[in-house]
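Student: what's the 3D shape of this:
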Amino acid sequence: MAQSVAEYCRHRQLLLVLDNCEHVLDTAASLAELIADTGSSSSILATSREALGCPGEQTYPLSSLAVDGEHPAATELFLRRASELMPNREWAVSDVAAIHRICRHLDGIPLAIELAASRVRSLSVTALEGRLDRVFQVLRGGRRRIERHRTLQAAIDWSYHALEPTQALCFDRLAVFAGGWTLEAAEAIVADDENIDELEVLDILDDLIAKSMVTVDHSRLHQTRYRLLEPLRQFAEDQLANRREADQLRGVHSVYYTNWAEAWDDRSWNDELAWRVAIETEQANLRAAVQWAVEVEDADHALRLVMALERAITPFMFLEIGDWGAIASSIPSAGNHPLGPVVAGLSVPSFLWRGDLETAVDLVERATAMPTYDPTAHHPNIARAMVEYFISRDREAAHAIVNRIAPRTPAEHLVRSWLRCGWFPDHCEAESDLETLRKIVEQTNSTLAKIQYDQAQTWISLQRDNRVMAAEHARRAIHNAQRIGARFSLRRSVASLGLSAGTTGGLSRDELRLISQSLEEQRDAGQETDQWLVLITAAVVLWRHGRNRLAARIYHATSASPWGGGHNMNHLARLHPGIDTYLDPAEPPTSLEELVDHVLAEMPSVVEALNDPTREPEANRRSAMAAGLL
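Tutor: Numbering: from 1, shown residues only. Prediction:
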């Protein structure tokens, strides 16, 4: 028959479509070569999970449907198929949001999305989303589909059983990765002494990519990453469990990513932007590594991994690392490990910044109760000082604890000096702390160190009433924080800039917008501390622009919050002349959520009024002048 088809095409110019060739790959390839050998002007369009491998073949890889954007194709396909089944169904905003998450979880695979959409007759989209951890049980098609497309598992199973034994073994082992991997990681974790040589891994990956079992991402600068689409990963995970290798591989994976984190920690000072991107990229693998170490009570690897990442927690707002530290320090043997109290202490800011004061206090108590606790060690005692400063509001106790700390590394010297400048700018250590920060900047050329130096200079300048210098340092800190994506450092610096320049109307439109942007982002991320911090700055700006009652409500509510005792509040208190006249003494403090909503609604009009003196009340300028702000 193939020869007859080739002869028919010899003198014709046709488009011959060969669909779903993967199950007859050799036959389809032979036919294509026969037609080409006749000299025919015909073209062949073949669809397959694997290229035919014919001379002159041009391949066009088809990626999954888009899952991001305003109207992603994956979501549109789901809605179209679901509406065909339920034409009168109206989809609520919450339904569409759940559908978007479902499509993202399914990695935009069209067959998976169509099978998922077929379930809306019997399941709500929320219930469907909750069952996707059992994707093969949920995603089954109807009787009219051909057998290998009737269930998602059957579609994958067909391709899996076409793999060679070493390819199948490698594929199964790749399930240990979460969120993708590099070639180096695969060589270290997948290879062994018996079945897969380290030098074979690249060739096997290449074969799996050719068979559409592994996807490859070349978009990252200087790094190629690989991943399994989620349904394929779940399938491989099931196969790996059948091989009884999962526990051993997860252990190797945990050790690899502990060593990876420690290697990055050693060189993170040199390129903090690359370090942040690396943590973001590998966050799912790091999470899986910690989870396994905790599950098997491997305190050493769990504590070491968290410790290696600690410098990223606060500046970059990787608060999840603090969650890992809280769990790692709860391993029974952690109390006898030198890093036990250290990791418990360094986890405290993650909970403090989110307003979970109870867990923050519990972690401090856990750290100080461990046999390996040292009253001069950095991390557990910085955590103790935070509890005294923010929760007990005992500045003197916090100051005494910080002064007893004996820093052992540049990072510890950096944090202690930075905190003392921020919390106690009126104390005598200010000049020596600034000098310590300056020297660390010179020694390391670290961008984070530069940010912290400029922040410290801002706080000291504000204390000395030099708002021009304070604003200059705050702007430098903002520039560097934006450059490396240090979100916490950016919010702090925006707050300081508002206190420095907001009182005199020295903020640009972009800087005013940064206040709103900071509030919005921190609200969405649930980071309570930063919201109060930026609200204090917003109050200064709002007061100057005549929004006196809203500024007074912020002052009142912040004073009643755990964040009302800091030096930023002392600067805001300079607005005090007349501020109480805008409040009813019996009125309870306004909630954080309500204040943020009001400020976000009000700030656009403040931006509009910038540089328009007719829109700034003269009486408010006189009030600010009386308070010594002009």
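Student: what's the strand or helix carrying residue 275 packed up against?
Tutor: Assessed by DSSP states H and E, residue 275 sits inside helix 272-295. Contact partners of helix 272-295 among helices and strands, from 3 or more Cβ pairs under 8 Å, 6 or more residues apart in numbering; DSSP states H and E: helix 246-267, helix 299-309, helix 319-328, helix 447-463, helix 467-484. All C-beta atoms are positioned from the backbone trio N, CA, C, and that covers glycine.
Student: what do you get if the cut-off is 7 Å, keeping everything else the same?
Tutor: With contacts taken as 3 or more Cβ pairs under 7 Å, 6 or more residues apart in numbering; DSSP states H and E, helix 272-295 sits against helix 246-267, helix 299-309, helix 319-328, helix 467-484.
Student: so who does the residue most central in space within the chain touch?
Tutor: Nearest to the mean C-alpha position of the chain, by Cα atoms, centre = their mean, lies residue 280 at 5.8 Å. When the contact criterion is Cβ atoms under 7 Å, 6 or more residues apart in numbering, residue 280 has no partners at all.
Student: from residue 378, how far out is residue 404?
Tutor: Relative to residue 378, residue 404 is positioned 11 Å away (Cβ to Cβ, to the nearest Å).
Student: how about residues contacting stretch 252-260?
Tutor: With Cβ under 7 Å, 6+ apart, stretch 252-260 has contacts from 176, 185, 188-189, 285-286, 288-289, 292-293, 301, 304-305.
Student: okay, now the unreliable bits of this protein?
Tutor: Within the chain, the stretches with pLDDT under 70 are 136-137, 139-151, 221, 503-505, 562-581, 583, 585, 610-630.
Student: who has more neighbours, residue 404 and residue 378?
Tutor: The neighbour comparison of residue 404 against residue 378 (other Cβ atoms under 10 Å) goes to residue 378, with 22 against 12.
Student: contact partners for the more buried one?
Tutor: Applying Cβ under 7 Å, 6+ apart, we find residue 378 in contact with 405, 407, 408, 412.
Student: filter those residues down to the buried ones, ChimeraX style.
Tutor: To isolate the buried ones among the contacts of residue 378 in ChimeraX, judged by 16 or more other Cβ atoms under 10 Å, type:
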select :405,407,412
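Student: can you redo the contacts of residue 378 as a markdown table with distance to residue 213 and secondary structure?
Tutor: Output for these, formatted as a markdown table (distance: Cβ to Cβ, whole Å; DSSP: H, G, I helix; E, B strand; the rest coil):
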| residue | distance to residue 213 | secondary structure |
| --- | --- | --- |
| 405 | 53 | coil |
| 407 | 51 | coil |
| 408 | 49 | coil |
| 412 | 47 | helix |
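Student: helices of the stretch 401-550 of the chain, start to end?
Tutor: 410-423, 430-444, 447-463, 467-484, 487-501, 509-525, 528-544, 548-560 (DSSP state H, counting those that start in this stretch).
Student: figure out which of the ones you listed is closest to residue 75.
Tutor: Closest of the helices of the stretch 401-550 of the chain to residue 75 is helix 509-525, at 20.9 Å (criterion: Cβ to Cβ).
Student: could you pull out the buried residues of that closest one?
Tutor: Buried residues in helix 509-525 (16+ other Cβ under 10 Å): 511, 512, 514, 515, 516, 517, 518, 519, 520, 521, 522, 523.
Student: residue 57: which of those is nearest?
Tutor: When the buried residues of helix 509-525 are compared against residue 57 (criterion: Cβ to Cβ), the nearest one is residue 521, at 48.5 Å.
Student: contacts only, for the nearest residue to residue 487 once chain neighbours are set aside.
Tutor: Counting by Cβ to Cβ, 6 or more residues apart in numbering, residue 487 lies nearest to residue 317, which is 4.5 Å off, once chain neighbours are set aside. Contact analysis of residue 317 by Cβ under 7 Å, 6+ apart lists 487, 488, 527.
Student: tell me how far the closest residue in space to residue 105 that isn't next to it in sequence lies from residue 508.
Tutor: Excluding the flanking residues, the one nearest residue 105 by Cβ to Cβ, 6+ apart is residue 132, at 5.2 Å. Distance from residue 132 to residue 508, counting by Cβ to Cβ: 46 Å.
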